[in-house]
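A.B. asks: Model the structure of this input:
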Amino acid sequence: MLYNYHTHTARCNHALGNDREYVEQAIAGGMKTLGFSDHAPYLFPDNTPSLHRMRTDELFAYAVSIRALAKEYEKDIRILCGFELEYYPDYHAEEMKFLSQIQPDYLILGQHFIGNEYSFIPSSRGLAGNDLGLIAYVSQAIAGLATGDFLYLAHPDIAGTNFSDETFEREYRRLCVAAKKFGVPLEINLLGVRGKRHYPCERFFRIAAEVGNDVVLGADAHDPKDVCEQSGEEKARAMVKKLGLKLLEKLDI
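C.D. replies: The predicted structure follows:
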């Protein structure tokens, strides 16, 4: 993979390795663009801390580190400074103002929660068999896409598959149609491949193929060795070929 826009850092408390190690792995693997997209620090009421994203006081240090590496290695690789961000309607405007202080190169929509994590309703856990959960997840993800703030939708099938056939088909098709309307690619998530998770789901991406969505591969690297890991990429590319998906190798940033 020559272009990867989904890379985390140890700041999120569930990834390993320092920033430089990710860059050096990417260069060693022949990558042309490495985009860092760690979980964005979020402004919550009462300064509620999060255990799975960087702290708000790490915002500037993150940007300084990534951009210093971009300058240092500019002859070897293009390095971008972005974020994976949840769309939380009540907080989005203020969050965008907060992040604009460092002028990120791009944002990825990574919707893990319905509502927001402050009230802790996860989209990827606790919703098995709950059709209303999928409806709520899709509606919130579409609202996020409609803002025009996001480069692509990460792991769009994270809510899973354990829903009625009718709801699965209707709601995931609704998501795919909206993504196509807004010109937002859907990610085939390689962490899901590596970890043998319930995503990426071939059944979901068959709908995406029918709708005509653009797709992108995302390493979702949480360890430097993940950046150019090939077996997961090969499996993802095999699914792309099998389903006739429209794969974008490089995104316009």
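A.B. asks: which residues of the chain score low on pLDDT?
C.D. replies: Along the chain, the parts satisfying pLDDT under 70 run over 118-129.
A.B. asks: Helices along that one, start to end?
C.D. replies: In the chain, the segments counted as helices under DSSP state H are 19-28, 59-72, 92-99, 131-146, 165-182, 190-194, 202-211, 230-243.
A.B. asks: Not counting residues beside it along the chain, what's closest to residue 214?
C.D. replies: In this structure, residue 214 finds its nearest non-sequential neighbour in residue 185, 4.2 Å apart by CB to CB, 6 or more residues apart in numbering. Quick note: C-beta positions are derived from backbone N, CA and C, even for glycine.
A.B. asks: Residue 92 now?
C.D. replies: Take residue 92 and drop its neighbours on the chain: the residue closest to it by CB to CB, 6+ apart is residue 147, 6.9 Å away.
A.B. asks: Distance check, the one you found against residue 58.
C.D. replies: As defined by CB to CB, to the nearest Å, residue 147 lies at a distance of 24 Å from residue 58.
A.B. asks: I'd like the helices of the chain laid out as JSON lines, including mean neighbour count and distance to residue 1.
C.D. replies: What follows is these, written out as JSON lines (neighbours: other CB atoms under 10 Å; distance: least, CB to CB, whole Å):
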{"stretch": "helix 19-28", "mean neighbour count": "20", "distance to residue 1": "9"}
{"stretch": "helix 59-72", "mean neighbour count": "16", "distance to residue 1": "19"}
{"stretch": "helix 92-99", "mean neighbour count": "15", "distance to residue 1": "26"}
{"stretch": "helix 131-146", "mean neighbour count": "20", "distance to residue 1": "24"}
{"stretch": "helix 165-182", "mean neighbour count": "18", "distance to residue 1": "21"}
{"stretch": "helix 190-194", "mean neighbour count": "22", "distance to residue 1": "8"}
{"stretch": "helix 202-211", "mean neighbour count": "18", "distance to residue 1": "18"}
{"stretch": "helix 230-243", "mean neighbour count": "15", "distance to residue 1": "5"}
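A.B. asks: Tabulate these in CSV, adding columns for distance to residue 13.
C.D. replies: CSV is the format used below for the helices of the chain (distance: least, CB to CB, whole Å):
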stretch, distance to residue 13
helix 19-28, 15
helix 59-72, 13
helix 92-99, 19
helix 131-146, 23
helix 165-182, 29
helix 190-194, 16
helix 202-211, 29
helix 230-243, 23
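A.B. asks: For residue 51, find the nearest of the ones you listed.
C.D. replies: Of all the helices of the chain, it is helix 59-72 that lies closest to residue 51, at 17.1 Å by CB to CB.
A.B. asks: Now residue 76: closest residue in space, sequence neighbours ignored.
C.D. replies: Going by CB to CB, 6+ apart, residue 76 has residue 27 as its nearest residue, at 5.0 Å.
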